[in-house]
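> take this sequence and fold it.
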Amino acid sequence: MKYTVLIAVTAALALSACKKSEETAPAATASEAAPTPAVAAGGAPAFTVGEAPTKAFMVGIWGEGDACAMPIQFQADGTIKDGPFPKWDIVDGQLVMEGSPQKMKLKVVDEKTLESQLEGKDQKRTLKRC
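As a prediction, this is how the structure comes out:
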């Protein structure tokens, strides 16, 4: 039963209720530099839009969509407080939670938004910093 709940929570986190529409970004010119890290308001860790989050950026409470449903608190020491799994890490741009059957590819949208995609799946969802 415990594993069923854990798998359901992982799937629910990945399948957030708020799906962002995909927009076509303008093509970059040769003179434009690669995206540079930005510092989020309030002194949040640096991030690069369109890239995987750093572990420091991921620290905090994240939930599904604008309602921040089913929030999970990711601790700086790699543990999860009151979450479905005991530990987490960012490995090769993917969220890996110890005991979870799936990895989740993440991409930074802005200082409070991540795009998530379960490994092997096409559907993309939105995670929000709560």
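> ok, residue 119 - contacts?
Each residue near residue 119 by C-beta atoms under 8 Å, 6 or more residues apart in numbering is listed here: 94, 102-105. Using the backbone N, CA and C atoms, a C-beta is placed for each residue, glycine as well.
> spatially nearest residue to residue 97 (excluding sequence neighbours)?
In space, and not counting its chain neighbours, residue 97 is closest to residue 85: 4.0 Å by C-beta to C-beta, 6 or more residues apart in numbering.
> secondary structure element holding the one you found?
According to DSSP states H and E, residue 85 maps onto no helix or strand at all.
> so how far is residue 108 from it?
According to C-beta to C-beta, to the nearest Å, residue 85 stands 22 Å off from residue 108.
> higher neighbour count, these two?
More crowded of residue 85 and residue 108, by other C-beta atoms under 10 Å: residue 108, with 22 against 16.
> list the contacts for residue 114?
Residue 114 sits next to 53, 62, 106-108, 126-128 when contact means C-beta under 8 Å, 6+ apart.
> cutoff 10 Å now
Neighbour list for residue 114: 16, 47, 52-53, 57-58, 62, 95, 104, 106-108, 125-129 [criterion: C-beta atoms under 10 Å, 6 or more residues apart in numbering].
> ok, back up a step: just the contacts of residue 119: which are in strands?
94, 104-105 (DSSP state E).
> I am finished for the moment; much appreciated.
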